[in-house]
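*Asks:* generate a structure from the sequence data that follows.
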Amino acid sequence: MVSIIFAIFGLLTIILLWQRQRPAFIAGFIVIFSLAYRIVDITYLDLVGPIYAIELERHVGGNGAAPIFVVATLCFIVPLWIIVSRQRILAGIEDVIPPSAYLDGLQRAAFIGCSAYIAFLYLDMLRIGVIPLFAGIDRLEYQLVSGIVHNLAYEMNFLVSAVIGIFTVLPRLRGKRLSLPFIALLMAFLIYWALTGNRFSAFLITLSYFALPFGALVAMQAKGILRRESVRGTWSSLLSSRIFMFFGFITVVISVTALMFNSYYTVRNYADPTFHLSQRVLVQPVQTWSSTWEMVRYDFDRGINHTALDLVLLNPPNPDSNTTIQYLMERELGYFRAMELINAGQQYAGGYPEIFFELFGFWLAIPLMILLGSAAAFLLYIALRSVAQGRALTAAMAVYLYYGFGVAYIGGMLNFLLAPTFALKLVALLIFFFVERRLVRAERAPSAFVPPFQGIASAGHLPAIHSRDDVGGRS
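*Replies:* Residues are numbered from 1 along each chain as shown. I've put the predicted structure just below:
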């Protein structure tokens, strides 16, 4: 009963976030979805458990793990609600983004770069000579024969998707319509993931990071800076942001469901696909948290686990990967079995919030989770405010930095915080922030400033990649 009450409270808080601070909800959707999904799962395990978990080879659940998981969820939701509010995003912004040769050139450069890269992905698939969807090959098998191009695209999926999303929405923030060419790039990217045997994760990442910049659009519409798009015919209505997002959502849900059905019933050919699907959907996302809570609830006064801290953060055996999942798998399965699975490319789900309780104990875990949530929310605030101000490179860099925090919530990864590359990304974000702000301010000031990319923007042989200014904001 307690688990049900906490679960309802957590899910209602998420619904209220959607109603009261929709830009924050859109920006943090991938994390919110993961946490809300696992609230349902852990409540299910509490109510019907113990249930046999095939990955752990033992029973889990039935131990009241849902309430603290809801608390861990609120450690992200509450900072997101406060920091990424519509009022903060648009503080001092009262009009649409003014005409900008810098943005025009940058948008064309982004379109050329993204088009070339996606085209190269298709050409590389043709070079390999197999289309996994039609050949009945799973994505893990395809990764064994694919080259660096595919693997890099899989790792950088989030950034490519975010860049496409940023330049899809920027014309709308300048009083025009969403960019149809960038929407076409998104469709090509999604089709590629379908052809290469992906089921759910790749689509969730692609669409979540593509939609992230739309939080700025929603905020500006709610404030009245942008008027609602007028409908001037069938094609105009289809290209309006609301209609596009609605039909896009329906199409993706149907497509992903079909791909998952094909994977479980055809490609992997399980003897009992329904059982394996129920394990994947209801048990595996929260099995390590249920197991961790079983130990924590009998030892609330346990302090910092120095052995775990050493293995996960300070001196991990394999620092280039997610050391959290390695540690949790080794704890559950033993070293040799865990390494066998990891070397085969199999990694268990979960990691948050269990790794905080494993490393720091109950009383220190909660304030540290609030700190993590505040840092993640602040990066989303920078990303949305930069989009609203027309600073595309700063927004993309903020998303790049935020991605590590997203992985911390989805997979429990914390060692990225101590990696030298994290410090480099942080420095790069600061450089982009100050340099691009100065460029944008100089361009908008009455002067003879010549912005970068002006040559690209004025090149007559390049096609326009967004429609004319037929839907205006305030002038």
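*Asks:* was I right to think S386 contacts Y402?
*Replies:* No - taking C-beta atoms under 8 Å as the definition, S386 is not a contact partner of Y402, at 11.9 Å. Just so you know, the C-beta spots here come from the backbone N, C-alpha and C atoms, and that holds for glycine as well.
*Asks:* where's T206 relative to G113, distance?
*Replies:* Distance from T206 to G113, counting by C-beta to C-beta, to the nearest Å: 17 Å.
*Asks:* kindly report the same for R297.
*Replies:* When C-beta to C-beta is the yardstick, R297 and G113 sit 51 Å from each other.
*Asks:* which other residues reach stretch 188-195?
*Replies:* Judged by C-beta atoms under 8 Å, 6 or more residues apart in numbering, the contacts made with stretch 188-195 from elsewhere in the structure are 118, 121-122, 125, 131-134, 153, 157, 160-161, 164, 202-203, 206-207, 252, 255, 259.
*Asks:* swap in 6 Å and give it another go.
*Replies:* Contacts to stretch 188-195, defined as C-beta atoms under 6 Å, 6 or more residues apart in numbering, come from residues I118, L121, I131, L133, A202.
*Asks:* with stretch 277-291 instead?
*Replies:* Applying C-beta under 6 Å, 6+ apart, the external contacts of stretch 277-291 come out as 38, 41-42, 44-45, 53-54, 56, 60-61, 65, 264, 328, 349-350, 354.
*Asks:* distance from the chain centre to it, please.
*Replies:* Stretch 277-291 has its C-alpha centroid displaced from the chain centroid by 21 Å (C-alpha atoms, centre = their mean, to the nearest Å).
*Asks:* go on, stretch 404-417?
*Replies:* Per C-alpha atoms, centre = their mean, the displacement of stretch 404-417 from the mean C-alpha position of its chain is 12 Å.
*Asks:* what about the contacts of stretch 188-195, which are in helices?
*Replies:* I118, L121, L133, A202 (DSSP state H).
*Asks:* contact partners for the second one?
*Replies:* Residues touching L121, when contacts are defined by C-beta under 6 Å, 6+ apart, comprise A153, Y192.
*Asks:* what pLDDT does it get?
*Replies:* pLDDT recorded at L121 is 90.
*Asks:* how far away is it from T206?
*Replies:* As defined by C-beta to C-beta, L121 lies at a distance of 13 Å from T206.
*Asks:* likewise the first one?
*Replies:* Here the criterion is C-beta to C-beta. By it, I118 lies 12 Å from T206.
*Asks:* compare these two and say which is more crowded by neighbours.
*Replies:* Neighbour tally, I118 and T206, criterion other C-beta atoms under 10 Å: the higher count belongs to T206, 24 against 20.
*Asks:* with adjacent residues omitted, what lies nearest to that one?
*Replies:* What sits nearest to T206 in space, not counting adjacent residues and going by C-beta to C-beta, 6 or more residues apart in numbering, is S161, at 4.6 Å.
*Asks:* hey, where'd the strands end up in this protein?
*Replies:* Secondary structure of the chain by DSSP state E: the strands cover 51-53, 58-60.
*Asks:* for those, which one ends up most surrounded?
*Replies:* Most buried of the strands of the chain, by mean neighbour count (mean count of other C-beta atoms under 10 Å): strand 51-53, with a mean of 18.
*Asks:* who does it pair up with?
*Replies:* If you go by DSSP bridges, strand 51-53 pairs up with strand 58-60 (antiparallel).
*Asks:* quick one: contacts of the partner strand?
*Replies:* For strand 58-60, with C-beta under 6 Å, 6+ apart as the criterion, the contacting residues are P50, Y52, A53, Q287, S290, S291.
*Asks:* give me the pLDDT for G147.
*Replies:* Checking the pLDDT column for G147, the value is 75.
*Asks:* what does G248 give?
*Replies:* With respect to pLDDT, G248 scores 60.
*Asks:* of the contacts of stretch 277-291, grab the buried ones for PyMOL.
*Replies:* Once 16 or more other C-beta atoms under 10 Å is used to decide burial, the buried members of the contacts of stretch 277-291 can be selected in PyMOL as follows:
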select buried, resi 38+41+42+44+45+53+56+60+61+65+264+328+349+350+354
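*Asks:* what about the contacts of stretch 277-291, which are in helices?
*Replies:* Counting by DSSP H, the part of these found in helices is R38, D41, I42, Y44, L45, L328, E354.
*Asks:* and D124, what is it in contact with?
*Replies:* Going by C-beta under 6 Å, 6+ apart, D124 touches V149.
*Asks:* how far away is it from V149?
*Replies:* According to C-beta to C-beta, D124 stands 4 Å off from V149.
*Asks:* do the same with D95
*Replies:* From D95 to V149 the distance is 42 Å (C-beta to C-beta).
*Asks:* likewise for V427?
*Replies:* With the distance defined as C-beta to C-beta, V427 ends up 28 Å from V149.
*Asks:* for T421, same thing?
*Replies:* 21 Å.
*Asks:* out of those two, which sits in the more crowded spot?
*Replies:* It is V149, of T421 and V149, that has more neighbours when counted by other C-beta under 10 Å, with 16 against 9.
*Asks:* how far away is the more buried one from D310?
*Replies:* In this structure, V149 and D310 are separated by 37 Å, where distance is defined by C-beta to C-beta.
*Asks:* and if you look at I205?
*Replies:* Applying C-beta to C-beta, the value for I205 to D310 is 31 Å.
*Asks:* try H276
*Replies:* For H276, the distance to D310 - C-beta to C-beta - is 36 Å.
*Asks:* those two: who's more crowded?
*Replies:* Comparing H276 with D310 by other C-beta under 10 Å, the one with more neighbours is H276, at 15 against 11.
*Asks:* tell me the confidence at the more buried one?
*Replies:* Model confidence at H276, given as pLDDT, is 76.
*Asks:* in the protein, where is pLDDT below threshold?
*Replies:* Residues of the chain meeting the criterion pLDDT under 70: 228-273, 446-475.
*Asks:* redo that, cut-off 50
*Replies:* Within the chain, the ranges that satisfy pLDDT under 50 run 230-231, 233-237, 448, 456-475.
*Asks:* for the contacts of strand 58-60, which one is nearest L364?
*Replies:* Nearest to L364 out of the contacts of strand 58-60 is S291 (C-beta to C-beta; 20.3 Å).
*Asks:* distance check, that closest one against R58.
*Replies:* S291 is 9 Å from R58, by C-beta to C-beta.
*Asks:* done for today, thanks.
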